[in-house]
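Asker: I'll drop the sequence and a predicted model, then ask my questions.
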Amino acid sequence: MPKRSMTPKRPAKQQPKADRPFAPGYGIVAENEGKGLLPWAWVAKKMNHCRTFWLATIHTGLPSDRGRPHVMPVWGVWVDGAFHFSTGRKSRKGQNLAANPACTITNDHGEEAVIVEGSAEEVKDPAALERIAAAYLKKYKMDPRGMNEPIFTVRPKTVFGFIEKSFPKSATRWRLSAP
């Protein structure tokens, strides 16, 4: 009789459901909903191969600036289905996130774009920090913990993916939280 493993099988990690983004006037139609949709693995691949990302936060500086977008390039890594980056606590990005954690991250490849919307949260868990640092070391040959500045996680709420050559058929949206 074959020996059975005493380790219980973990359920397969459920992938976010893909659908079409709402974009009137761009030729995106919900018909044939599943045809041409990008797989969730495509997001991880694009995020893992990107070196520089764009981070958009909401300005919290002078009253005349409040509420307007602030966009800056950042380095970051895609680990455990989320985006992780470091920035100075006193930087404009850091101050903006302290006041309003809502943000958007994009890769730097417009022909195969990934747009991640979510909220930034400072990482405190030592095990998570270790995984993030290992990914940074592999990708950038540096450990962000050495800067003594916060490391943030952006857990996606909504993600968009577009491939220019096959747009609008490849236009895909993943919602990871209730709409």
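Answerer: Received, thanks.
Asker: Let me know the next secondary structure element after the strand or helix carrying residue 130.
Answerer: Residue 130 is part of helix 126-140, with elements assigned from DSSP states H and E. The helix or strand immediately downstream of helix 126-140 is strand 151-163, counting by DSSP H and E.
Asker: name the helices or strands packed onto that next one?
Answerer: Contact partners of strand 151-163 among helices and strands, from 3 or more C-beta pairs under 8 Å, 6 or more residues apart in numbering; DSSP states H and E: helix 40-49, strand 82-86, strand 112-122, helix 126-140, strand 172-175. From N, CA and C alone the C-beta is placed, and that goes for glycine too.
Asker: Select, out of the ones you listed, the one closest to residue 160.
Answerer: For those, proximity to residue 160 was assessed by C-beta to C-beta; strand 112-122 is nearest, at 4.3 Å.
Asker: Partner strands of that closest one and their direction?
Answerer: Here strand 112-122 has these sheet partners by DSSP bridges: strand 102-106 (antiparallel), strand 151-163 (antiparallel).
Asker: With distance to residue 60 and mean neighbour count added, can I get those in a markdown table?
Answerer: Output for the strands paired with strand 112-122, formatted as a markdown table (distance: least, C-beta to C-beta, whole Å; neighbours: other C-beta atoms under 10 Å):
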| stretch | distance to residue 60 | mean neighbour count |
| --- | --- | --- |
| strand 102-106 | 11 | 20 |
| strand 151-163 | 16 | 20 |
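Asker: Let me have the ones you listed in JSON lines, extended by mean pLDDT and distance to residue 135.
Answerer: Formatted as JSON lines, the strands paired with strand 112-122 follow (pLDDT from 0 to 100; distance: least, C-beta to C-beta, whole Å):
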{"stretch": "strand 102-106", "mean pLDDT": "98", "distance to residue 135": "15"}
{"stretch": "strand 151-163", "mean pLDDT": "97", "distance to residue 135": "11"}
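Asker: I'd like those strands as TSV, with distance to residue 44 appended.
Answerer: Shown next, in TSV, are the strands paired with strand 112-122 (distance: least, C-beta to C-beta, whole Å):
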stretch	distance to residue 44
strand 102-106	14
strand 151-163	11
